[in-house]
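K.L.:
Compute the structure for the input listed below.
(one chain, ligands or ions: 1)
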Amino acid sequence: MPKTARKRKTPITNIPSASTSSCKPESTRAVIRRFHVLLKRQAQLKKLVVHDLAQRTELANVEGEIEELGLENYQKMSAIGQRSDRGGGSEKILIRWLKDKEMHKTERKLKLLEVGALKPDNYDDCSTWIEATPMDLNSRHPSILEQDFLLLDEEMNREKWDLISLSLVLNFVPEPPDRGRMLRLSNIFLVEDGHLFVALPLPCLANSRYLDFDLFTSLMTFLGFTELQRRWRKDGKMVYYLFQKKTDVKTPSRERLVVPERFTKKITLRQGNRNNFSILL
Ligand SMILES: C[S@@+](CC[C@H](N)C(=O)[O-])C[C@H]1O[C@@H](n2cnc3c(N)ncnc32)[C@H](O)[C@@H]1O
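P.N.:
Residues are numbered from 1 along each chain as shown. Next up, the predicted model:
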């Protein structure tokens with residue numbers, strides 16, 4: 001049967017350029033959204049393009065726009081969104097949860113890997129009990145390690161970290177299997193009983209065609225995480241989680257487990273006007 005042409009979603013237009021960008025929440029959000037749309041389209045086209053001229057041209061245009069918009073501008077907009085006059089960064093929530101568990105009373109400092117760090121000093125106020133390593137694909141400060149988390153050496157980082165933060169990072173990663181790998185690696189890199197903090201835009205779970213709260217929780221359980229905390233509001237923008245790595249002693253090797261199909265394939269959970277966010281293993 002011939003495929004019917006699918007209606008393309010209207011791209012978000014009128015994006016302020018790096019030089020003229022305003023700091024209004026609507027314009028910072030527009031830049032952030034547009035950047036995500038472009039990264040996703042770039043990943044899709046890279047998988048498709050072989051000889052097709054139209055797709056090659058579109059890829060060149062997309063990459064041109066990514067360059068023009070710039071990761072740095074995107075990060076600047078994200079950092080503005082993180083400022084305390086906009087409600088502050090999500091690190092406050094993680095710190096609150098850790099303090100509630102009295103983890104600030106530890107005898108040794110907790111080693112935290114902060115993936116997707118826009119600022120070097122998010123955890124400076126906790127320096128007596130947290131030793132933070134901020135890391136980003138594109139470092140904006142000499143104290144932020146420039147590194148792709150997905151390319152970290154597995155053996156060198158195995159059980160190295162007490163805490164890992166993935167705040168607004170999974171939704172930045174364009175490919176669903178890479179998001180899954182990020183969570184898998186986080187489990188490998190954490191010490192037993194270590195904690196993973198995840199922050200996502202609420203629509204990733206509340207309004208996705210392929211992912212909801214239950215599926216996310218069961219995927220995390222499959223990976224070896226126990227959910228300790230979850231925070232979101234119906235009219236809010238974000239959802240925050242705190243997970244703990246718990247190795248099930250009855251399951252000797254997680255790596256040998258057969259991954260259920262619901263975690264490897266996109267399955268439509270909800271119909272209607274939804275987004276396509278998913279995480280695949
Ligand atoms: C929206 S910003 C998040 C900023 C901050 N963590 C927050 O909660 O507001 C996403 C950041 O994640 C970084 N990032 C995405 N994928 C990454 C990866 N594989 N390794 C390291 N950093 C990554 C991007 O470069 C970007 O600076």
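K.L.:
List the contacts of stretch 209-219.
P.N.:
180, 183, 204-206, 227, 230, 262-263, 266-271, 274-279, 281 (CB atoms under 8 Å, 6 or more residues apart in numbering). No exception for glycine: its C-beta is placed from N, CA and C like everyone else's.
K.L.:
neighbours around the closest residue to L39 other than its chain neighbours, how many?
P.N.:
Spatial nearest neighbour of L39, chain neighbours left out: P174 (4.6 Å); criterion: CB to CB, 6 or more residues apart in numbering. Residues lying near P174 (other CB atoms under 10 Å) number 16.
K.L.:
dump the residue contacts of P174.
P.N.:
P174 neighbours (CB under 8 Å, 6+ apart): L39, K40, Q42, A43.
K.L.:
returning to that earlier point: strands - which of the contacts of stretch 209-219 land there?
P.N.:
Judged by DSSP state E, those include E227, R230 as members of strands.
K.L.:
could you flag which of the contacts of stretch 209-219 are buried?
P.N.:
G180, L183, C204, L205, A206, F263, R274, F277, S278, I279, L281 (16 or more other CB atoms under 10 Å).
K.L.:
quick one, what contacts the last one?
P.N.:
The contact partners of L281, by CB under 8 Å, 6+ apart, come to P177, G180, R184, L219, F222, L223, V259, F263, T264.
K.L.:
How about T106?
P.N.:
W129.
K.L.:
doesn't K119 fall inside a strand?
P.N.:
No - read with DSSP: H, G, I helix; E, B strand; the rest coil, K119 is coil and lies in no strand.
K.L.:
Stretch 96-116 and the ligand, are they touching?
P.N.:
Yes - shown here: stretch 96-116 in contact with the ligand (CB under 6 Å from any ligand atom) through V115, G116.
K.L.:
ok, for the residue of the stretch 101-250 of the chain at minimum distance from the ligand, nearest residue in space, not its chain neighbours?
P.N.:
Using CB to the nearest ligand atom, G116 is the residue of the stretch 101-250 of the chain that sits closest to the ligand, at 2.7 Å. Of all residues not flanking G116 in the chain, V169 sits nearest, at 3.9 Å (CB to CB, 6+ apart).
K.L.:
So the one you found: helix, strand or coil?
P.N.:
coil.
K.L.:
For it, give me the pLDDT.
P.N.:
If you check V169, the pLDDT there is 95.
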